[in-house]
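Model the structure of this input:
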Amino acid sequence: MKPEEAKTKNIIDMAIGFSAMTRVFEKKSTEKIVNKFESTLPQITSLQNDRAFQNLHDDFCQWFTQNIKTAKKSSPASYGQGAKVLDVALKVYVYYCRLPDPKTAEQTAKWLHAAIDTEMLKHLKKYDKGIPDSEAKVVDKDTYGTLQELVRRDIKRRFKDSILPVQWDDIVWRELNNKDKKNKK
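The predicted structure is shown next:
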């Protein structure tokens with residue numbers, strides 16, 4: 001194995017593990033998810049616009065609902081679960097690690113979505129009381145789209161459109177989980 005290949009595989013393993021979602025899926029799902037993510041990554045360099053990125057994102061999430069099952073009831077994973085895994089993995093790979101190369105990462109980061117957890121979902125309810133109270137396991141494609149629109153609305157209101165959804169994700173996650181308050185003690 002070449003060093004760059006090992007680096008990419010390690011980043012993918014960290015990204016998938018960081019999502020903390022794999023524990024809710026059937027055994028051997030992580031391997032399937034990693035393989036799908038690895039086959040998705042090369043497509044990033046050829047993306048020309050946001051629409052192409054959205055299609056890539058949707059294809060992954062649709063694949064996820066058809067190929068990954070939950071551990072408890074062995075029922076199909078939701079679109080929201082697939083989106084959260086992909087959003088966190090892309091955040092680590094593209095936004096944090098600036099891969100596959102800095103130029104592509106800079107362009108792609110503009111298209112990345114916020115990886116919405118349960119606390120963020122509750123936070124977004126102030127804009128739309130019709131969204132579910134629960135977590136990613138009940139989020140379908142339409143609800144996921146609504147949540148991403150609510151993120152953009154919050155960015156416009158709170159941050160005057162000066163940050164990206166992936167940056168909103170970092171900031172709001174820390175706020176809602178009181179990470180900075182805990183570190184100051």
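
okay, which residue is most central for the protein?
Asp87 (1.4 Å; Cα atoms, centre = their mean).

For the helix or strand where Thr65 lies, name the packing helices and strands.
Here Thr65 sits within helix 50-67, counting by DSSP states H and E. Using 3 or more Cβ pairs under 8 Å, 6 or more residues apart in numbering; DSSP states H and E, the elements in contact with helix 50-67 are helix 29-44, helix 79-90, helix 141-159. Bear in mind the C-beta positions are built from the backbone N, C-alpha and C, glycine included.

what about Leu124, how many residues close to it?
Leu124 is flanked by 21 other residues according to other Cβ atoms under 10 Å.

Could you pull up the residues touching it?
The neighbourhood of Leu124, defined by Cβ atoms under 8 Å, 6 or more residues apart in numbering, consists of 116, 131, 147, 150-151, 154.

Minimum pLDDT in these, which residue is that?
Least confident of the contacts of Leu124 in the model: Ile131, at 77.

returning to what we had before: and the contacts of Leu124, which two are the farthest apart?
Put simply, by Cβ to Cβ the two of these set farthest apart are Ile131 and Asp154, 12.9 Å from each other.

Might you list the low-confidence residue ranges for this structure?
Filtered on pLDDT under 70, the chain yields the residue ranges 18-21, 132-137, 179-185.

now do 80
Residue ranges of the chain with pLDDT under 80: 13-24, 73-74, 129-138, 178-185.

that older thread, can I get the helices and strands packed on helix 50-67 in CSV including distance to Thr104?
Below are those laid out as CSV (distance: least, Cβ to Cβ, whole Å):
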stretch, distance to Thr104
helix 29-44, 6
helix 79-90, 12
helix 141-159, 22
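
Please identify the most buried of the ones you listed.
Among the helices and strands packed on helix 50-67, ranked by average contacts under mean count of other Cβ atoms under 10 Å, first place goes to helix 79-90 (a mean of 26).

which other helices and strands contact that helix?
With contacts taken as 3+ Cβ pairs under 8 Å, 6+ apart, helix 79-90 sits against helix 3-18, helix 29-44, helix 50-67, helix 141-159.

same thing but at 7 Å, please
Contacts defined by 3 or more Cβ pairs under 7 Å, 6 or more residues apart in numbering; DSSP states H and E place helix 79-90 against helix 3-18, helix 50-67, helix 141-159.

Ignoring the adjacent residues along the chain, who's closest to Thr40?
Phe60 (5.7 Å; Cβ to Cβ, 6 or more residues apart in numbering).

hang on, I meant Lys69
Lys69 sits nearest to Glu26 (Cβ to Cβ, 6+ apart), 4.8 Å away.

The one you found and Lys72, how far apart?
9 Å (Cβ to Cβ, to the nearest Å).

Tell me which of these two has more neighbours.
More neighbours surround Glu26 than the other of Glu26 and Lys72, with 14 against 10 (other Cβ under 10 Å).

That one and Ala71 touch, don't they?
Yes: using Cβ atoms under 7 Å, Glu26 is in contact with Ala71, at 5.3 Å.
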